[in-house]
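Asks: generate a structure from the sequence data that follows.
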Amino acid sequence: MQASLRSFLVVVFATFFSIFSFAEGTRTWEQSKFEDFGKGTTNGVAIRSSGYLELAPTFKAIATTPSTYIWAIASDKSGNVYAATGSPARIYRISPDGQSTVIFEPQELQVQALAVDKNGAIFAATNPDGKVYRIEHGTAKSNASPNTSKDKPTVDPNWTSSVYFDPGTKYIWDLELDNNGTLYIATGDTGEIFRVTSKGEHSVFFKSDEAHIRVLAFDAKGNLIAGSDGSGLIYRISPTGEGFVLYSATKKEITALAIDDKGNIYAAGVGEKRASTAPQILPVNPPPSAPTAVAVPGPGQPTISITTGAVLPRGVTPMPNLTTAGGSEIYRIAADGSPTRIWNSRDDLVYALAFDTNGKLLAGTGNQGHIYAISSEDDFTDLLKASATQVTGFAKAANGGLYASTSNLGKIFLLGGSPETEGTYESDVFDARIFSRWGHAETRTTGNVELLARSGNVDNPDRNWSAWTKVDLQKDAELNVPLARFVQWKAVLHAGNPAPKVDSVRLNYLSKNVAPDFDDVTIQPGVRYQSVPKSSSSDISISTSASGSPSPVRFDPPPITQHDSDSIGVKWTVHDDNDDQMVYSIYYRGEDEKRWLLLKDKITDKFYAFDASLLPDGGYTVKVVASDAPSHSPGDALTAEKESSRFEVDSTPPRIEALSATAGNSQIHVTFHAIDSFSLIDHAEYSVDAGDWHFIEPVGQLSDSKTENYDFKLPISGGDADDHVVVVRVYDRYDNMSSAKAVIHGK
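Replies: Numbering: from 1, shown residues only. Prediction:
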């Protein structure tokens, strides 16, 4: 068993040594991967999955609504965008120049979905227990509740509304118009899709065995594509209402659909599938600053208690399953029906899909407000980050742009088709862990790119760091920042030809050498340590740190421990903030002695074992000295030392004196003295005629002295005529043992 364990450890650590290495002297911090750049802060800069920075498309906020949630947006041919909101429930009309007007305010608690027909009529679905309203510019009598509060914006009287269709279901999730003006309505609780013609004729178009139909879209052939919540099904439904499941996603809920001009269907899925078919209804993450708990009705359940970070109006029905559990995925279903997963994230949830002017797929996500541009499998761009928590919808804007809506806060943004003229990227804060001197920068850039740097001694740059200093990339690229523990760099990208791009930034630094620092030195008598064989050196290096910045951390393989009563093990824990290689020396000193004597030097392990017989019996202290000399030039090395607690060495067994054994009256009477030169007598045992060992107590019963007397009698069988052999053995406190025997001759 021990040999197998040893072989296993050899294989494991040899593998580690072959993968990791450690650097001494000058060190570097490099960012050149998507994961590295993703830790920083972008402003007009996009991050490609292949690992570089480039200018992002223009993106500006054009309106901020009083509503917390924008559930859907739609635009008309004039470039006006309409926002369906909740908390409070309204529809806002926002012109291309950002002018906002309330055109509808229903009695229901939120407006969930929107559709705009060719004539500019707006269809709006409300939740819960909602209806579909038709909203037009001054042509019908309004059924919305009048606005009598001075604190609320006035509903534009030029817009009127009427109930267009009441499906009699708990939830209405999405609306979609076909080329003939027929409206299709996706509902929840019973998983039905209703069809309402332009003449007002309505019917159930499709009935699913899923509880919810969440999203709708039309393909070029007039088939209705629908995504469900429950089993994550994607249906293709013919114009006659015949349904066919194109794909059963690995996620439980389909949250968005988009179809390109080649007939490829793109679908976003979120949430882990569970055994229950009734989905739990959870809200989009609200702002974390306003805690509360609300009761929200959910499909298949009377109420669900939800603890959130914002106060929702009583009875508000948020979108289902929008939590980060399980992350999200995007699938592409080709025209021939073959499915492929092209993107996934453990942290981002996809709420909306659309195509930009170049036909590239965009994904609006939460709960960090990112928009991703997805070209193909494993090729995507973190395009930009909105100043809100979730990007919930897209709609076409004038001049080839896109409107984007957000929740937490409820805003409307305009995403342009051309890149920004300038963008900035601030790296994350790098922690060198030690006061350091910062040298030159090494960069791989294209186009007009500026680099700046700053440093400080607290992890928050806003707390009195140095000012940003420009790095002259045309000269020596020296950072010229104060010596400090933390550093940060910033890139400024300017539009031009060629387009600006940052592939990598590497900063060189040298940390001030600090002495090793001991945590503990322990002594373990009766233990022998054995090193695990190594291929190259005593430590390995793994890139990690508490701040998330890459930095080397050594890992020491634990020793193989064996029991050996003749050995004394010494083990210590020590760390070096520079992560230098260290070498150790062990000294010992006897009690009442002043001089330290070298026991062993040039040790690379953090443990050592030696034979106890090397030292005379007595009290001792061990001192371990650590030096970082292997990592530094002669004269620059530093040392540290630590003493162990006092321990005792006792390798001499006790003596047995005056052993006497006599027989008479069917008894054996045994007496003897036990004497130890250093430690206390622990216990004694006897055996008669090679029988079992039996414990015996000293005279006075308490064994607490270096000298103990023993006097005891034991019965014998067979009378006094037989011969008997009595053996006694005595142990001291360090398990040293001696024995003696006495022979009794029969009469």
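
Asks: now stretch 443-462: buried residues?
Replies: The neighbour-count check on stretch 443-462 (16 or more other CB atoms under 10 Å) flags 443, 445, 447, 449-456, 461 as buried. For the C-beta atoms, the positions are set from N, CA and C on the backbone; glycine is no exception.

Asks: now do stretch 667-675
Replies: 668, 670-674.

Asks: where do the domain boundaries of the chain fall?
Replies: Structural domains assigned to the chain are 2-22+514-649, 32-56+422-511, 58-419, 655-744, following automatic domain parsing.

Asks: deepest-packed of those domains, please.
Replies: domain 58-419 (a mean of 19; mean count of other CB atoms under 10 Å).

Asks: and that domain, average pLDDT?
Replies: The pLDDT scores in domain 58-419 average 84.

Asks: can you check stretch 623-634 too?
Replies: 92.

Asks: excluding chain neighbours, what is closest to residue 463?
Replies: In this structure, residue 463 finds its nearest non-sequential neighbour in residue 456, 7.2 Å apart by CB to CB, 6 or more residues apart in numbering.

Asks: in its sheet, what does the helix or strand containing residue 125 sit against?
Replies: Under the criterion of DSSP states H and E, residue 125 resides in strand 122-127. When pairs are called by DSSP bridges, strand 122-127 turns out to pair with strand 110-116 (antiparallel), strand 132-137 (antiparallel).

Asks: gap between it and the chain center?
Replies: Here the centre of strand 122-127 is set off from its chain's centre by 39 Å, with CA atoms, centre = their mean, to the nearest Å.

Asks: run through who's touching it.
Replies: 74, 82, 84, 89, 91, 103-104, 106, 108-117, 131-136, 161, 164, 171-175, 177, 183, 185, 317 (CB atoms under 8 Å, 6 or more residues apart in numbering).

Asks: swap the cut-off to 6 Å and go again
Replies: Residues outside strand 122-127 that contact it (CB atoms under 6 Å, 6 or more residues apart in numbering) are 82, 91, 106, 108, 110-116, 132-135, 171-172, 175, 183, 317.

Asks: just to revisit the earlier point, to residue 730, which of the strands paired with strand 122-127 lies closest?
Replies: strand 110-116 (88.1 Å; CB to CB).

Asks: Throw the strands paired with strand 122-127 into a markdown table and include distance to residue 362, thanks.
Replies: Listed next are the strands paired with strand 122-127 as a markdown table, based on distance: least, CB to CB, whole Å:
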| stretch | distance to residue 362 |
| --- | --- |
| strand 110-116 | 19 |
| strand 132-137 | 28 |
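
Asks: so which of those gets nearest residue 344?
Replies: strand 110-116 (26.4 Å).

Asks: so which residues make contact with the closest one?
Replies: Contacts for strand 110-116 (CB under 6 Å, 6+ apart): 71-72, 74, 76, 82, 84, 86, 89, 91, 122-127, 172, 174-175, 177.

Asks: 8 Å - rerun?
Replies: Residues contacting strand 110-116 (CB under 8 Å, 6+ apart): 69, 71-76, 82, 84-87, 89-91, 104, 122-127, 130, 171-177, 183, 186, 316-317.

Asks: CA atoms only: put it into PDB for me.
Replies: Only the C-alpha atoms of strand 110-116 are listed here, as PDB (Å, rounded to 0.1, in the frame of the first residue of the first chain):
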ATOM      1  CA  GLN A 110     -46.600  45.200 -16.700                       C
ATOM      2  CA  VAL A 111     -46.500  45.400 -20.400                       C
ATOM      3  CA  GLN A 112     -44.800  42.200 -21.500                       C
ATOM      4  CA  ALA A 113     -44.600  42.200 -25.300                       C
ATOM      5  CA  LEU A 114     -45.000  44.600 -28.300                       C
ATOM      6  CA  ALA A 115     -45.600  44.400 -32.100                       C
ATOM      7  CA  VAL A 116     -46.000  47.200 -34.600                       C
END
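
Asks: separation between residue 35 and residue 349?
Replies: The gap separating residue 35 from residue 349 is 19 Å, by CB to CB, to the nearest Å.

Asks: one more: residue 342?
Replies: The value you get for residue 342 to residue 349, if CB to CB is used, is 16 Å.

Asks: now swap in residue 741 and tell me
Replies: 83 Å.

Asks: helices of this structure, start to end?
Replies: Shown for the chain, the helices assigned by DSSP state H span residues 2-19, 34-37.

Asks: where among those is average confidence lowest?
Replies: Lowest mean pLDDT within those: helix 2-19, at a mean of 41.

Asks: name the nearest residue to residue 738, ignoring sequence neighbours.
Replies: With CB to CB, 6+ apart as the criterion, residue 738 has its nearest non-adjacent residue at 4.1 Å, and that residue is residue 653.

Asks: that neighbour reaches residue 735, doesn't it?
Replies: No. When contacts are counted by CB atoms under 8 Å, residue 653 is not listed as touching residue 735 (9.4 Å).

Asks: where along the stretch 1-150 of the chain do the strands fall?
Replies: Using DSSP state E, counting those that start in this stretch, the strands of the stretch 1-150 of the chain run over residues 27-31, 41-43, 45-48, 52-55, 57-64, 69-75, 81-86, 91-94, 100-104, 110-116, 122-127, 132-137.

Asks: can you tell which of the ones you listed is closest to residue 520?
Replies: Between residue 520 and these, the shortest gap by CB to CB is with strand 27-31, which sits at 28.2 Å.

Asks: give me the contacts around the closest one.
Replies: 36-37, 40, 427, 430, 432, 442, 487, 504-511, 549-550, 552.

Asks: try 7 Å
Replies: Outside strand 27-31, the residues within contact range by CB atoms under 7 Å, 6 or more residues apart in numbering are 37, 427, 430, 504-509, 549-550.

Asks: each with direction, which strands does it pair with?
Replies: strand 501-511 (antiparallel).

Asks: next one: the partner strand to chain centre, how far?
Replies: The answer for strand 501-511 is 25 Å, by CA atoms, centre = their mean.

Asks: just stretch 613-628 next, same as before
Replies: On CA atoms, centre = their mean, the centre of stretch 613-628 falls 45 Å from the chain's centre.

Asks: okay, it in CSV with CA atoms only?
Replies: Coordinates of each C-alpha in stretch 613-628 appear next as CSV, following Å, rounded to 0.1, in the frame of the first residue of the first chain:
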residue,chain,number,x,y,z
SER,A,613,21.0,8.1,19.1
LEU,A,614,23.2,10.9,17.6
LEU,A,615,22.4,13.0,20.7
PRO,A,616,23.0,12.1,24.3
ASP,A,617,19.9,11.9,26.5
GLY,A,618,18.7,15.3,27.6
GLY,A,619,16.7,18.4,26.6
TYR,A,620,17.3,20.1,23.3
THR,A,621,16.1,22.9,21.1
VAL,A,622,16.3,23.0,17.3
LYS,A,623,16.8,26.1,15.1
VAL,A,624,16.0,26.2,11.4
VAL,A,625,17.6,28.9,9.3
ALA,A,626,16.0,29.8,5.9
SER,A,627,17.9,31.6,3.2
ASP,A,628,16.7,32.9,-0.2
